[in-house]
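J.: Here's a sequence, model it:
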Amino acid sequence: VSQSRYQGLRRTRNVNGEKTLSFILIPTLENEHCFNMVQEESLLDFDGDQYRIKQMIEKPVGPFIIKEVSAVHTLFDLIDEYQYEVHNGSMTFQAALEFALSDTDYTWDIVDSFYAKDWENFGDDNRLALFQDIVKRYGAEFTLIDKHFTFKNKIGNLIDFQFRYNYNIKTISREVNTNNLSTYIKGFGKQNEDGSYVVQSEY
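T.: Residues are numbered from 1 along each chain as shown. You can find the predicted model right below:
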């Protein structure tokens, strides 16, 4: 796809498997046949992975309407699938994956060894939540290509290497989001004989 059709392409990949894709779509003669097809819940194929558009902002820029698109990997579609069964007792890593991902299109290879874990009331939840619990509980990291997982104890290695701005990396950014941050304080002064307080304050 010609870069003249989009700007600001950004792909993020985390060791927990989360992959996101964002870009700005600009209407051109080259994409006018498909510009209107870019909508919420539409699927995008990029570099062998499939993403689902979850957020889109349309806004005017000059005479045009542009689209700011944010999409997540279709792995997160597992949130719409449910495992009604419940398991109690020990499970190997392989058995836990089979339990969480049965009846899905996902396949996997387990490269390293993982100890069996005891589970209590494991199940009765969406398959994405179960999968995320498994990865956390067994301490696994994974790569995902198309719909095939490769599980290891650790993806990548720590190396004795310095990252330096304008030398071996292009940009450094820091992002802070305090949407879910709140502070609550309640203070009390001297207590009276009846149990009440002379003064109290909330913030």
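
J.: Pairing partners for the longest strand anywhere in the chain, with directions?
T.: Determined from DSSP state E, the single longest strand within the chain is strand 49-61. Strand pairing for strand 49-61, using DSSP bridges, gives strand 43-46 (antiparallel), strand 64-73 (antiparallel).

J.: Can I get these in JSON lines including mean neighbour count and distance to F35?
T.: C-betas here are computed from N, CA, C, even on glycine. Formatted as JSON lines, these follow (neighbours: other Cβ atoms under 10 Å; distance: least, Cβ to Cβ, whole Å):
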{"stretch": "strand 43-46", "mean neighbour count": "12", "distance to F35": "13"}
{"stretch": "strand 64-73", "mean neighbour count": "18", "distance to F35": "8"}
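
J.: Let me know the average pLDDT across the longest strand of the chain.
T.: Per-residue pLDDT over strand 49-61 has a mean of 85.

J.: Kindly report the same for stretch 128-141.
T.: Averaged across stretch 128-141, pLDDT comes to 93.

J.: buried sites along that stretch?
T.: 128, 130-132, 134-135, 137-138, 140-141 (16 or more other Cβ atoms under 10 Å).

J.: Just the closest of the residues you listed to E98, please.
T.: Comparing those against E98 with Cβ to Cβ places I134 closest, at 10.5 Å.

J.: Once you drop chain neighbours, what's closest to the closest one?
T.: Distance criterion Cβ to Cβ, 6 or more residues apart in numbering; nearest residue to I134, sequence neighbours excluded, is A96 at 4.8 Å.

J.: and the one you found, that's in a strand?
T.: No. Counting by DSSP: H, G, I helix; E, B strand; the rest coil, A96 is not part of a strand but helix.

J.: Okay, it and D103: tell me how far apart.
T.: As judged by Cβ to Cβ, to the nearest Å, A96 and D103 stand 15 Å apart.

J.: neighbour count winner among those two?
T.: More neighbours surround A96 than the other of A96 and D103, with 24 against 7 (other Cβ atoms under 10 Å).

J.: so where's this structure shaky on pLDDT?
T.: Applying pLDDT under 70 to the chain picks out residues 1-5, 14-17, 155-185, 202-203.

J.: Please, where are all the helices along it?
T.: 93-101, 127-138 (DSSP state H).

J.: nearest to Q200, of those helices?
T.: Closest to Q200 of the helices of the chain, according to Cβ to Cβ: helix 127-138, at 40.5 Å.

J.: May I have the closest one as CSV, with CA atoms only?
T.: The C-alpha coordinates for helix 127-138 follow below in CSV (Å, rounded to 0.1, in the frame of the first residue of the first chain):
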residue,chain,number,x,y,z
ARG,A,127,-11.7,-17.6,26.5
LEU,A,128,-9.5,-14.5,26.4
ALA,A,129,-9.6,-14.1,30.2
LEU,A,130,-8.8,-17.8,30.6
PHE,A,131,-5.9,-17.6,28.2
GLN,A,132,-4.5,-14.5,29.9
ASP,A,133,-4.7,-16.3,33.3
ILE,A,134,-2.8,-19.3,31.9
VAL,A,135,0.0,-17.2,30.5
LYS,A,136,0.3,-15.4,33.8
ARG,A,137,0.0,-18.4,36.0
TYR,A,138,2.6,-20.5,34.1
